[in-house]
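A.B. asks: compute the structure for the input listed below.
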Amino acid sequence: MDCLSIQTPAANPDTTAGDQDMADAVRDETKLQRALVGGGATMSSAALFIALFRAPGGVFLRNKLLVDAYYPILAVVFVFGAVEVAAGFWVAGDPRRRHGKGKVVLWASVVPLVLVTALGGFAVLK
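C.D. replies: Numbers count the residues shown, from 1 in each chain. Prediction:
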């Protein structure tokens, strides 16, 4: 079965993306803005692609209530990703004063990221 994978490139081609980049984003203002905008855009696009190209499956088929909750969950993840992108641009306006609030948004983005990964990963069927 063919799959399409959504990946964001590393900010610096000399380094590899990984856990160290997330840790650096918490400390560095520029990397925080990049992580918020890039992570939010990736999360929103993944939720949108999953909603468009993947039907509910697995545990969602056990109950009509879960089937009905599938698309609203993806819509909430999409909106949260858009809010995360907006927060990245907002933090860029005054990085010294807004750095703490940007970190909170970055750490809160872990929950929707787990939801998107659980619902379909970052792989979308062709």
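
A.B. asks: next, the buried residues of the helix or strand in which Gly38 is found.
C.D. replies: Under the criterion of DSSP states H and E, Gly38 resides in helix 29-53. Buried positions in helix 29-53, judged by neighbour count with 16 or more other CB atoms under 10 Å: 29, 31-51. (Glycine included, C-beta is placed from N, CA and C.)

A.B. asks: what about Arg96, neighbour count?
C.D. replies: By other CB atoms under 10 Å, 7 other residues sit near Arg96.

A.B. asks: not counting sequence-adjacent ones, nearest residue to it?
C.D. replies: Glu29 (7.3 Å; CB to CB, 6 or more residues apart in numbering).

A.B. asks: quick check: pLDDT value at the one you found.
C.D. replies: For Glu29, the model assigns a pLDDT of 74.

A.B. asks: check the offset of stretch 29-46 from the chain's centre.
C.D. replies: Chain-centre distance of stretch 29-46: 7 Å, with CA atoms, centre = their mean, to the nearest Å.

A.B. asks: before we move on, back to that, OK, contacts around the residue nearest to Arg96?
C.D. replies: The contact partners of Glu29, by CB atoms under 8 Å, 6 or more residues apart in numbering, come to Val91, Pro95, Arg96, His99.

A.B. asks: all set now, cheers.
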